[in-house]
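Q: Here's my sequence, what's the structure:
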Amino acid sequence: MISKIALNNKVVDAIVFWTKDSTNFMKFLPTIDKIGYKYYFQYTINFYDKTIEPNLRNKNEIIQNFIELSKKIGKEKVIWRYDPILISNEINVDWHIQKFSELCDKLANYTNTVVISFFDEYKKLDKSKFRTLSKEEMLKLGESFSRIAKKHNLAIRTCAEEIVFTNGIEKGACIDKVLIEKICGYSLNVKKDKTQRAECGCVQSIDIGEYNTCSHFCKYCYANNNCKNIKSNIHKHNPNSPLLIGELTSNDKLYERDVKSLKK
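A: Numbers count the residues shown, from 1 in each chain. Take a look at the predicted model:
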């Protein structure tokens with residue numbers, strides 16, 4: 001089954017881009033602006049090393065890209081994500097508190113909001129390298145993160161987490177109705193996305209993506225589970241194809257998604 005999704009700017013109210021390094025994307029921003037798309041970025045930066053995130057560039061270079069992006073499109077449209085938060089033999093709660101503080105020092109002037117979430121143990125992941133946090137560890141991190149974020153005038157939100165904090169950390173929404181309305185300049189007639197987990201605060205959207213296609217090879221990633229398939233899919237990529245990966249074949253069944261503006 002192949003989803004056919006209209007992307008003209010008459011039906012697309014906004015696009016939310018997820019990235020860990022937007023360097024290769026920067027040159028396309030003028031074209032995207034010219035077309036008339038409204039958009040913002042969810043941009044993940046943490047301090048995990050290459051044993052966990054093997055193919056990411058040097059983190060200081062990525063931080064500079066974050067700053068460049070913020071200066072170019074405005075800091076309200078660049079949401080910093082510090083996630084997923086995980087624990088290993090080398091990484092504990094105190095490590096996260098120190099690294100979060102260091103990143104706040106570097107990024108606070110270039111964003112308004114930081115989003116946190118905790119590692120989930122998906123079935124196909126190697127759980128021997130790291131683990132989820134206990135409730136006590138989450139509460140300790142939440143208390144410290146809230147204090148640090150407040151010091152830097154950053155709003156702090158959680159992403160699809162059951163745990164409730166009482167120290168200024170609110171439940172967030174990656175597909176954020178309030179932010180999208182602000183960027184678009186009009187109200188939206190849109191409801192909570194029922195296809196997401198109960199804890200998710202996102203409004204309705206269409207997620208465009210493909211499993212086993214990212215060459216970062218992050219060890220905690222739920223969307224990648226087979227290095228051989230990843231390399232094969234990347235090899236199949238054709239930038240001139242209407243598909244993210246490969247070409248349409250006679251065996252593919254097209255399913256046209258209902259795409260329309262949700263402007264009120």
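Q: Quick one: the helices in the protein, in order.
A: Assigned helices in the chain, in chain order: 29-35, 59-73, 93-107, 135-151, 177-184, 227-236 (criterion: DSSP state H).
Q: so which of those comes closest to Glu256?
A: For the helices of the chain, the distance to Glu256 is smallest for helix 29-35, at 21.4 Å, taking C-beta to C-beta. C-betas here are computed from N, CA, C, even on glycine.
Q: where does the stretch 51-200 of the chain have low pLDDT?
A: With pLDDT under 70 as the threshold, the stretch 51-200 of the chain has low-confidence stretches at 122-128.
Q: Count the neighbours of Lys219 for me.
A: Neighbours of Lys219 under the rule other C-beta atoms under 10 Å: 16.
Q: about what we covered before: need the helices of the chain in TSV (columns: mean neighbour count and distance to Leu244).
A: Output for the helices of the chain, formatted as TSV (neighbours: other C-beta atoms under 10 Å; distance: least, C-beta to C-beta, whole Å):
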stretch	mean neighbour count	distance to Leu244
helix 29-35	12	17
helix 59-73	17	22
helix 93-107	17	30
helix 135-151	17	35
helix 177-184	17	23
helix 227-236	13	9
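Q: Looking at those, which is nearest to Val190?
A: helix 177-184 (6.0 Å).
Q: helices or strands up against that closest one?
A: strand 39-44 (3 or more C-beta pairs under 8 Å, 6 or more residues apart in numbering; DSSP states H and E).
Q: Which residues outside the strand it packs on are in contact with it?
A: Residues outside strand 39-44 that contact it (C-beta atoms under 8 Å, 6 or more residues apart in numbering) are 14-20, 22, 32, 66, 69, 73, 76-83, 115, 174, 179-180, 183.
Q: Recalculate using a threshold of 6 Å.
A: Strand 39-44 is touched from outside by 14-15, 17-20, 66, 77-81, 174, with contacts defined as C-beta atoms under 6 Å, 6 or more residues apart in numbering.
Q: List buried residues within those residues.
A: By the neighbour-count criterion of 16 or more other C-beta atoms under 10 Å, these include these buried positions: 14-15, 19-20, 66, 77-81, 174.
Q: Which of these sits closest to Asn240?
A: Ile15 (20.8 Å).
Q: Just list whatever residues bridge to that closest one.
A: With DSSP bridges applied, Ile15 shows beta-bridge pairing to Tyr39.
Q: Save the contacts of strand 39-44 as CSV, and put in distance to Thr249 too.
A: Putting the contacts of strand 39-44 into CSV (distance: C-beta to C-beta, whole Å) gives the following:
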residue, distance to Thr249
Ala14, 32
Ile15, 28
Phe17, 29
Trp18, 28
Thr19, 30
Lys20, 31
Phe66, 39
Lys77, 38
Val78, 38
Ile79, 37
Trp80, 40
Arg81, 36
Cys174, 33
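Q: follow-up on the earlier one: output the helices of the chain as a markdown table; include the columns distance to Glu210.
A: What follows is the helices of the chain, written out as a markdown table (distance: least, C-beta to C-beta, whole Å):
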| stretch | distance to Glu210 |
| --- | --- |
| helix 29-35 | 20 |
| helix 59-73 | 23 |
| helix 93-107 | 29 |
| helix 135-151 | 31 |
| helix 177-184 | 24 |
| helix 227-236 | 7 |
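Q: Can you tell me the closest non-neighbouring residue to Gln196?
A: Distances taken as C-beta to C-beta, 6 or more residues apart in numbering put Cys202 closest to Gln196, at 5.7 Å, once the chain neighbours are dropped.
Q: count of neighbours near that neighbour?
A: For Cys202, which is what you asked about, the neighbour count (other C-beta under 10 Å) is 20.
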